[in-house]
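# what's the 3D shape of this:
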Amino acid sequence: MAILVIAEHDNTSIKPATANTVTAAAKIGGDIHLLVAGSGCSAAADSAAKIAGVAKVLRVDAAHYADQSPENLATLIVAQASSYSHILAPATTAGKNMLPRVAALLDVAQISDIVAVESPDTFVRPIYAGNVLATVQSSDAVKVISVRMTAFDAAAEGGAATVEDLAAGADQGQSKAVSRELTQSARPDLAIAKIVVSGGRGMGNGENYHKLLEPLADKLGAALGASRAAVDAGYVPNDFQVGQTGKIVAPQLYIAIGISGAIQHLAGMKDSRVIVAINKDPDAPIFQVADYGLVGDLFELAPALTNALG
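The predicted structure is shown next:
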């Protein structure tokens, strides 16, 4: 039984979510092959070969994979599917865009966002915004699975997998990347940060968000996050959003300031190791999951917390 893991990369390096997905694949059991499809992606393939547990890296280097469009990737993956019992990808934006296409072309049911592996055909995934865990068993010949990266530790380096070139598939020509705007920040990536400081609707406006939370985040070396309400109100861009419809995070420390704790937000951060909440409403749902809670005016407590850090 061999397992195909779809690597996320930027043609130069492998993104962290791939290592978490390799760990999930290892729990299923069997040889793990990592697919690296891109343009000028040899460096990424070499990096993938160093991930512990990977037996083989399949490198597909062609110009029409430069942007890793989901249509081209899905067609390439389906062409290899008969050699594998499982196809895994991270449950990231890219994975959620590509993997359902693979499942549809194979005419199988996708198992989404797994958080545990019970056996090669049985998996655990959250439903109802993470309030219930469903155990799902699949009888499909090829199991197409997306993996919640925060539920699995990242695979270590130290591997020495072989790198094998694979023939490129045809360019589907269904979509084309016209431009790309990337958010540049000196702070850690929100999805993998060890400390996250998040603000909600209680911040009042974007100016308050930046004035109160950036100094705190800077002192902690933290990433900045936000609730959906704060994003919808225009305080910060969409890529700050934590929650069911945003990014799923599980840092060592999560500080929620002015966040009431709607179900969809809790689904994105309740697995954090330590949760600190600041809110003026003592009955706010966020306190039900918080390890430490401060009830009071965030405009007083947030600067006090920042000052206390020296």
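# nearest the middle, which residue of the protein would you pick?
For the chain, Thr92 is the residue whose C-alpha lies nearest the centre (CA atoms, centre = their mean; 4.4 Å).
# could you report the neighbour count for the residue lying closest to it once chain neighbours are set aside?
Using CB to CB, 6 or more residues apart in numbering and skipping the chain neighbours, the partner closest in space to Thr92 is Ala17 (5.4 Å). Backbone N, C-alpha and C define where each C-beta goes, glycine included. For Ala17, the neighbour count with other CB atoms under 10 Å is 24.
# same question for Val124.
Val124, neighbours per other CB under 10 Å, totals 16.
# do the same with Met1
Neighbourhood size, Met1 [other CB under 10 Å]: 10.
# which pLDDT value belongs to it?
What the model reports for Met1 is a pLDDT of 78.
# test my guess that it contacts Pro120.
Yes. Met1 lies in contact with Pro120 (CB atoms under 8 Å); the separation is 7.1 Å.
# now for those two: what residues contact both?
Taking CB atoms under 8 Å, 6 or more residues apart in numbering as the criterion, Met1 and Pro120 both touch 29-30, 85-86.
# out of these, who's the most crowded?
Most surrounded of the shared contacts of Met1 and Pro120: other CB under 10 Å gives His86, at 25 neighbours.
# which residues does it contact?
1, 3-4, 25, 28, 30, 120, 142-145.
# so what pLDDT did it get?
Model confidence at His86 (pLDDT) stands at 98.
# partner residues bridging it?
Ile3, Lys143 (DSSP bridges).
# JSON lines for the shared contacts of Met1 and Pro120, including distance to Val102?
Output for the shared contacts of Met1 and Pro120, formatted as JSON lines (distance: CB to CB, whole Å):
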{"residue": "Gly29", "distance to Val102": "21"}
{"residue": "Gly30", "distance to Val102": "19"}
{"residue": "Ser85", "distance to Val102": "14"}
{"residue": "His86", "distance to Val102": "12"}
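# what's the closest non-adjacent residue to Gly29?
Excluding the flanking residues, the one nearest Gly29 by CB to CB, 6+ apart is Pro120, at 6.3 Å.
# phi first, then psi, for the one you found.
Pro120 has phi and psi values of phi -60, psi -20 when expressed as degrees, to the nearest 10.
# tell me which residues touch it, please.
Contacts for Pro120 (CB under 8 Å, 6+ apart) come out as 1, 28-30, 85-86.
# tell me what Ile111 is bridged to.
Per DSSP bridges, the residues bridged to Ile111 are Ile145.
# check contacts around it.
By CB under 8 Å, 6+ apart, the contact list for Ile111 reads 123, 125, 136, 138, 143-146.
# and the residue sitting furthest away from the middle of the chain, how far from Arg201?
Most distant residue from the mean C-alpha position of the chain: Glu300, 33.5 Å away (CA atoms, centre = their mean). Distance of Glu300 to Arg201, given as CB to CB, to the nearest Å: 18 Å.
# and the strands in the stretch 201-310 of the chain?
In the stretch 201-310 of the chain, the strands defined using DSSP state E, counting those that start in this stretch lie at 223-226, 253-257, 274-279, 292-295.
# now do the second one against strand 274-279, angle only.
Relative orientation of strand 253-257 and strand 274-279, computed by axes from the mean of the first three to the mean of the last three CA atoms, to 10 degrees: 10 degrees.
# partner strands of strand 253-257, parallel or antiparallel?
Taking DSSP bridges as the criterion, strand 253-257 pairs within the sheet with strand 195-199 (parallel), strand 274-279 (parallel).
# for these, which one ends up most surrounded?
Highest mean neighbour count among those (mean count of other CB atoms under 10 Å): strand 195-199, with a mean of 28.
# quick one on the thing from earlier: what's the spacing between the residue nearest to the centre of the chain and His64?
Where His64 is concerned, Thr92 sits at a distance of 22 Å (CB to CB).
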